[in-house]
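1. below are the sequence and a predicted model; questions follow.
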Amino acid sequence: MIFKKICFCILWITIFQSAFAQSKNTASANMGKINLVFTLDENGMPAYSVSFNQKPVILSSALGFSLEDDSLFYKDFVMTGTEEKTVDENWQTVWGELKNVRNHYKQLAVHLTQKNKRHRLLDIVFRVFEDGVGFRYEFPKQPGLQYFIVKDELTHFNFTGDHKAFWIPGDYDSNEYPYTTCSLSAIDNKPLVESSTAIAVRVAPDRYSVQTPLLLKTSEGLYINIHEAALVDYPAMQLHVDGATDQLSARLVPDAVGNKAYLHAPFHTPWRTIIVSDKATDILSSKMILNLNEPSVIANTSWIKPMKFVGVWWEMQTGKSTWSYSDFPDSVDAGGKLIPNKKHGANTANVKRYIDFAAANGIQGVLVEGWNIGWEDWFGNWKENVFDFVTPYPDFDVNEIKNYANSKGVQIIMHNETSGSATNYERQMDTAFRFMNEHGYHSVKTGYVGKIIPRGEHHDGQWMINHYLRAIKKAAYYRIMIDEHEPVRPTGLQRTYPNFLASEAARGNEYNAFADGNQPEHETILPFTRLMGGPMDYTPGIFKLNHYSGDSSRRVHTTLAKQLALYITMYSPLQMVADLPENYEEHMDAFQFIKDVPTDWDDSRVLAAEPGDYILIARKEKNGNAWFMGAITDEHHREMTADLSFLEKGKSYEATLYEDAENADWLQNPEAYRIRKIKVDQSSKLILKLAPGGGAAVSIKPL
């Protein structure tokens with residue numbers, strides 16, 4: 001009997017020791033169908049894996065770093081403890097696709113210590129949501145690691161197969177490429193980079209690297225989005241593709257001397273994000289990246305107002321007018337004054353014409369590009385001191401424009417192009433924003449076309465990441481809303497800094513003006529990729545779809561109805577009404593949708609979606625009862641059914657449909673559309689017929 005008791009005790013001790021040893025090397029967390037497992041192998045190397053509905057999504061994948069003074073900061077770790085917590089909260093957006101956002105996750109923090117003589121500490125924090133996983137590295141305050149340099153981040157993503165990828169090249173300076181769809185093993189960005197001569201600056205040394213957000217689709221119909229959240233004081237992450245092993249690995253954008261990041265503990269990296277679902281609509285509906293950012297740091301946000309705007313912009317893109325006042329910087333008269341080229345777009349009379357159009361149609365703002373001196377030699381010279389951001393050309397009367405806009409109830413939007421000279425902008429930012437305050441400008445569009453100064457830095461490196469955020473913070477100090485062009489792609493920071501309304505960071509509508517354009521599928525991919533991190537200033541609303549420039553081969557690869565639908569499917573609180581006033585005046589019945597469509601929403605429903613094929617989204621206006629819907633397709637004709645069960649029960653509505661005409665086609669007959677009105681309610685289903693490259697826009701207002 002005593003022997004049996006001793007054996008029983010030994011057995012339980014063995015089981016306990018085994019379980020304790022396993023717990024010292026393994027930890028996990030799950031939420032709904034998502035499961036996250038962390039492990040340390042026999043060499044003390046950390047790794048993680050992710051599954052969806054008990055099926056593997058990310059196989060065991062390595063984590064860690066190579067530091068300047070420790071190239072092996074990815075092994076010889078022991079787990080010294082874990083912490084777990086569950087968060088379930090709701091918060092309200094300042095503006096957005098939803099008024100109320102639920103933030104529900106389980107957090108697992110893993111504490112690691114290296115066994116070597118330095119005993120350095122590293123924490124890895126995982127947050128598991130119902131639609132994915134976010135994780136980041138945290139360097140605690142510690143005597144053995146204070147100031148340090150990151151040579152490489154060794155985060156890996158090991159996939160289960162040769163998935164289909166929707167990708168653009170991993171370029172240090174541009175996100176403005178068309179998307180390619182192919183298997184992971186077929187990715188090679190070199191031919192696309194070499195042929196994309198319309199992009200101002202191209203630096204993509206790794207031909208097998210891709211940009212994030214990256215969308216993947218498995219052969220089993222699983223959708224996976226890889227990106228990052230809360231990118232602060234750290235370079236952007238690109239992904240190197242090993243097609244032979246279905247492995248992606250982090251590649252941080254380097255600085256001028258080849259280093260990746262200069263850090264000081266305590267510090268935490270951005271979140272690495274993995275959004276996964278077996279429904280494409282769930283990917284577009286995810287708010288995980290937004291939730292991984294901190295709440296707003298701006299206490300009073302009453303001055304932050306989403307808006308639509310027209311602008312002196314498309315006429316310059318298409319060659320009708322110029323940004324520059326003169327043709328050459330040395331084209332001067334005997335008195336040393338610039339000789340006007342008679343084509344300058346930002347002149348007082350022309351800007352008043354846009355103000356009149358905006359006022360007559362309830363559009364809140366007018367953007368004026370090319371108003372300030374310096375455009376004669378602004379690009380291609382890697383010149384540091386180009387613009388001063390306060391001195392207008394002789395034909396642009398700042399005070400007259402201010403007074404005229406005020407009398408019409410229209411805001412003027414400032415334009416600060418830097419030509420890539422961030423150092424020059426840093427020196428003059430306060431001066432520029434004070435000038436805006438003095439003249440009643442509440443919003444600014446910034447630009448970074450060209451090679452970056454400090455010379456040797458890249459658009460997506462740590463120095464510029466910090467610059468973009470400095471501009472956002474400085475704008476907030478002066479109560480100015482900001483729209484950044486040619487920046488790094490967004491990572492959800494609009495939650496923390498809601499004056500950061502939008503950015504470009506992708507191939508926008510402008511490429512239809514000066515390049516080969518955007519193929520019909522382009523806008524069906526962008527919401528699954530670039531827009532996952534935040535709103536895009538895509539500049540929709542082009543009505544004259546061909547013969548708009550001196551090159552008769554140029555055309556917009558959509559129908560007019562699709563241009564309307566983009567106001568719904570390409571979300572932004574800052575939407576440009578991009579075409580010329582005279583082109584809208586030929587189609588004022590269709591223009592009614594642009595006049596009506598809001599830029600801020602209480603609710604959004606993704607009704608149908610497939611990347612590269614189609615998208616159908618419905619949105620409810622902020623503080624109102626009207627709904628607006630947009631449907632777009634690729635190059636194929638498509639019929640879609642919109643279920644209106646989201647409407648309020650017992651209420652009747654009038655739906656106004658802006659549709660492709662029967663004979664519409666993006667190539668042959670893009671401006672053919674029809675408008676019809678029908679009565680609908682919660683039980684109704686709308687049949688939407690989309691032409692090749694087409695779309696449909698619908699306003700649904702209570703009767």
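-> Received it, and whenever you're ready, just let me know what you need.

2. and the closest residue in space to Arg674 that isn't next to it in sequence, what pLDDT?
-> Leaving aside its sequence neighbours, Arg674 sits nearest to Ala661 (C-beta to C-beta, 6 or more residues apart in numbering; 5.1 Å). The way it works is simple: take the backbone N, C-alpha and C, and place the C-beta from them, glycine included. The model reports Ala661 with a pLDDT of 98.

3. got it, and Ala21?
-> At Ala21, the predicted lDDT confidence score is 39.

4. tell me where the stretch 201-350 of the chain has strands.
-> Here the stretch 201-350 of the chain has its strands, by DSSP state E, counting those that start in this stretch, at 209-210, 214-217, 223-229, 237-242, 247-252, 261-264, 267-268, 271-277, 307-312.

5. any stretches of this structure with poor pLDDT?
-> Across the chain, the ranges flagged by pLDDT under 70 are 1-23.

6. from Phe396, how far out is the residue nearest to Thr391 when sequence neighbours are not counted?
-> Closest residue to Thr391 apart from its sequence neighbours, by C-beta to C-beta, 6+ apart: Ile373 at 5.0 Å. Using C-beta to C-beta, to the nearest Å, Ile373 is found at 10 Å from Phe396.

7. I'd say the residue nearest to Thr391 and Pro394 touch.
-> No - the criterion here is C-beta atoms under 8 Å, and Ile373 misses it with Pro394 at 9.0 Å.

8. joint contacts of those two?
-> Common contacts of Ile373 and Pro394 (C-beta atoms under 8 Å, 6 or more residues apart in numbering): Tyr325.

9. between those two, point out the one with more neighbours.
-> A count of neighbours by other C-beta atoms under 10 Å puts Ile373 above the other of Ile373 and Pro394, at 22 against 12.

10. contacting residues for the more buried one?
-> Applying C-beta under 8 Å, 6+ apart to Ile373 gives the contacts 325, 387-388, 391-393.

11. what bridges to Thr180?
-> Following DSSP bridges, Thr180 is listed with bridge partners Trp167.

12. just give the number of residues close to it.
-> 18.

13. go ahead and confirm the residue nearest to Arg674 touches Pro670.
-> No - shown here, Ala661 and Pro670 do not form a contact pair, counting by C-beta under 8 Å, at 10.3 Å.

14. those two: who's more crowded?
-> Pro670 (28 against 17).

15. list the buried residues of stretch 513-529.
-> Within stretch 513-529, the residues scored as buried using 16 or more other C-beta atoms under 10 Å are 513, 515, 517-529.

16. oh, that last question was meant for stretch 597-617, not what I typed.
-> Buried residues in stretch 597-617, counting neighbours by 16+ other C-beta under 10 Å, are found at 597-602, 604-609, 611-617.

17. mind listing which of these are in strands?
-> In this view, those that belong to strands under DSSP state E are 601-602, 604-609, 614-617.

18. ok, so of those residues, who is nearest Ile568?
-> Lowest distance from Ile568 to these (C-beta to C-beta) belongs to Ile617, with 5.4 Å.

19. ok, the closest one - contacts?
-> Neighbour list for Ile617: 284, 568-569, 604-607, 609, 629-631 [criterion: C-beta under 8 Å, 6+ apart].

20. returning to what we had before: neighbour count added to the contacts of Ile373, as a markdown table?
-> Below are the contacts of Ile373 laid out as a markdown table (neighbours: other C-beta atoms under 10 Å):
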| residue | neighbour count |
| --- | --- |
| Tyr325 | 28 |
| Phe387 | 22 |
| Asp388 | 14 |
| Thr391 | 13 |
| Pro392 | 17 |
| Tyr393 | 22 |
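
21. wait, which of those is closest to Glu484?
-> Set against Glu484, the nearest of these by C-beta to C-beta is Phe387 (15.9 Å).

22. would you check how far apart the closest residue to that closest one other than its chain neighbours and Pro392 are?
-> Excluding its sequence neighbours, the residue lying closest to Phe387 (C-beta to C-beta, 6+ apart) is Gly374, at 4.3 Å. The spacing between Gly374 and Pro392, counted by C-beta to C-beta, is 11 Å.

23. repeat that for Leu690.
-> Leu690 is 45 Å from Pro392, where distance means C-beta to C-beta.

24. again with His415
-> Computed as C-beta to C-beta, the His415 to Pro392 distance reads 12 Å.

25. can you check which residues contact both of the two?
-> Common contacts of His415 and Pro392 (C-beta under 8 Å, 6+ apart): 371-372.

26. picking that back up, what separation is there between the residue nearest to Thr391 and Gly132?
-> 49 Å.

27. now Pro56
-> Pro56 is 14 Å from Gly132, by C-beta to C-beta.

28. you'd agree Ser559 is up against Gln668?
-> No, residue 559 isn't Ser; it's Thr. No - using C-beta under 8 Å as the test, Thr559 is too far from Gln668 to be in contact (10.3 Å).

29. higher neighbour count, these two?
-> Taking neighbours as other C-beta under 10 Å, Thr559 and Gln668 compare with Thr559 leading, 32 against 10.

30. next, the buried residues of stretch 550-570.
-> Here stretch 550-570 shows 554-570 as buried, counting by 16+ other C-beta under 10 Å.

31. and the helices in the chain?
-> 2-23, 190-195, 280-285, 288-291, 314-317, 348-360, 398-408, 422-439, 462-477, 511-514, 522-525, 560-569, 581-584, 588-596 (DSSP state H).

32. nearest to Pro498, out of the ones you listed?
-> The minimum distance between Pro498 and the helices of the chain falls on helix 462-477, with 8.7 Å, by C-beta to C-beta.

33. OK, contacts around the closest residue to Ile224 other than its chain neighbours?
-> Leaving aside its sequence neighbours, Ile224 sits nearest to Leu216 (C-beta to C-beta, 6+ apart; 4.4 Å). Neighbour list for Leu216: 159, 163-166, 184, 223-226 [criterion: C-beta under 8 Å, 6+ apart].

34. please report how far Leu501 lies from Trp601.
-> When distance is defined by C-beta to C-beta, Leu501 is 14 Å away from Trp601.

35. hang on, the earlier thing: need the ones in strands among the buried residues of stretch 597-617 in JSON lines with distance to Phe591, can you?
-> Formatted as JSON lines, these follow (distance: C-beta to C-beta, whole Å):
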{"residue": "Trp601", "distance to Phe591": "21"}
{"residue": "Asp602", "distance to Phe591": "25"}
{"residue": "Ser604", "distance to Phe591": "24"}
{"residue": "Arg605", "distance to Phe591": "26"}
{"residue": "Val606", "distance to Phe591": "26"}
{"residue": "Leu607", "distance to Phe591": "25"}
{"residue": "Ala608", "distance to Phe591": "27"}
{"residue": "Ala609", "distance to Phe591": "27"}
{"residue": "Tyr614", "distance to Phe591": "25"}
{"residue": "Ile615", "distance to Phe591": "23"}
{"residue": "Leu616", "distance to Phe591": "23"}
{"residue": "Ile617", "distance to Phe591": "21"}
